[in-house]
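Undergrad: Got a predicted structure plus its sequence, pasted below:
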Amino acid sequence: MRNKKIPLRKCIVTGERKPKGELLRIAYSKDGVLTIDPSGKAPGRGFYIIIDSKVAEKAKKKNSIFQQMKMPEQDGFYDQLIAYVKTIEGANHGS
């Protein structure tokens with residue numbers, strides 16, 4: 001029996017390739033708004049970030065997400081992202 005190929009996605013901050021399940025999707029909608037997309041099904045262009053608070057903080061420090069997307073920074077987006085990633089990390093370590 002053939003092994004099913006696991007699709008890899010690239011983190012927009014670190015450039016690492018990881019399975020989709022280890023990453024958090026961020027959706028870029030047609031109206032130019034970034035949203036955190038835990039379901040992975042929100043409409044719009046999607047890109048991924050590793051679920052790690054250090055990576056999210058690095059993204060904020062270097063403004064890497066908005067630079068990659070070539071768009072103006074959204075107020076509070078990085079703080080929201082860091083808080084969300086920390087809740088996921090806490091849930092994963094608590095189990």
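TA: Happy to help now that I have it. Everything quoted here is computed from the prediction, not taken from an experiment.

Undergrad: which residues in the protein form strands?
TA: Here the chain has its strands, by DSSP state E, at 8-10, 17-19, 23-28, 34-37, 45-50.

Undergrad: Could you give me the buried positions within the last one?
TA: Translated: strand 45-50. 47-50 (16 or more other Cβ atoms under 10 Å). (C-beta placed from N, C-alpha, C; glycine too.)

Undergrad: Packing partners of that strand?
TA: Counting contacts by 3 or more Cβ pairs under 8 Å, 6 or more residues apart in numbering; DSSP states H and E, strand 45-50 is packed against strand 23-28, helix 53-62, helix 64-69.

Undergrad: Could you look over these and pick the most buried one?
TA: Neighbour counts (mean count of other Cβ atoms under 10 Å) averaged over each of the helices and strands packed on strand 45-50 peak at strand 23-28, with a mean of 20.

Undergrad: got the contact list for it?
TA: With Cβ atoms under 8 Å, 6 or more residues apart in numbering as the test, strand 23-28 has contacts from 9, 11-12, 34-38, 40, 42-51, 65, 69, 81, 84-85, 88.

Undergrad: rewinding a little: with mean pLDDT as extra columns, can I get the helices and strands packed on strand 45-50 in CSV?
TA: Putting the helices and strands packed on strand 45-50 into CSV (pLDDT from 0 to 100) gives the following:
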stretch, mean pLDDT
strand 23-28, 93
helix 53-62, 93
helix 64-69, 86
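
Undergrad: and the residue positioned nearest the centre of the chain, what is it in contact with?
TA: Centroid-nearest residue in the chain: Ile49, 3.1 Å away (criterion: Cα atoms, centre = their mean). Neighbour list for Ile49: 11-13, 23-24, 26, 55-56, 59, 65, 81, 85 [criterion: Cβ under 8 Å, 6+ apart].
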